[in-house]
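S.K.: Could you look at this predicted model? Sequence included:
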Amino acid sequence: MIFNSPEDVLKTWMAFVNQGDIEGLVSLYDENAILIPTFSNRQLDAPEKLRKYFENLVHREDLSIALHEKTLAVQAIRNGLYSMCGIYCWRFAVDGELLNFEARFSYILDLALPNPIIHHHTSQIPRTL
């Protein structure tokens, strides 16, 4: 795939999550990419590890994700290399109850690569008292 902007990568990634498209998700990550995922305490640093994580994730009942548009920040680093961060909301059922999980995220993207995600870190936002 060819992407014209970091936002295009994020929109495609979220569409793949919402469609449950494991192959699409894995295809966005460079073979040497690192994913520090929302719902795991493991750093994922190989395509087969990413695939296994996404296989488990997309089978959650009523899974969806949505971006909080106003939180998105994109920084051009150089020559098609970008940093992007913001907040999105995961939603899926746990024991029959639909729950929301707010998460902050950051990406490092290289739009010159066919698989532009080279680093992705996401973590749940702690609930404040």
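M.R.: Looks like it arrived, so ask away.

S.K.: got the contact list for Asn100?
M.R.: Residues in contact with Asn100 (Cβ atoms under 8 Å, 6 or more residues apart in numbering) are Cys89, Trp90, Arg91. Where C-beta positions appear, they are placed from N, C-alpha and C, glycine not excepted.

S.K.: Repeat that for Gln124.
M.R.: Per Cβ under 8 Å, 6+ apart, neighbours of Gln124: Thr38, Phe101, Glu102, Ala103.

S.K.: Among these, which lie within strands?
M.R.: Of the positions in the contacts of Gln124, Phe101, Glu102, Ala103 sit in strands, assigned by DSSP state E.

S.K.: Distance of the last one relative to Cys85?
M.R.: According to Cβ to Cβ, to the nearest Å, Ala103 stands 11 Å off from Cys85.

S.K.: sorry, back to before: mind giving me the ChimeraX command for buried ones among the contacts of Asn100?
M.R.: The ChimeraX selection below is limited to those of those classed as buried (16 or more other Cβ atoms under 10 Å):
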select :90
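
S.K.: Looking at neighbours, which among the contacts of Gln124 is most surrounded?
M.R.: The most neighbours of any of the contacts of Gln124, using other Cβ atoms under 10 Å, belong to Thr38, which has 20 neighbours.
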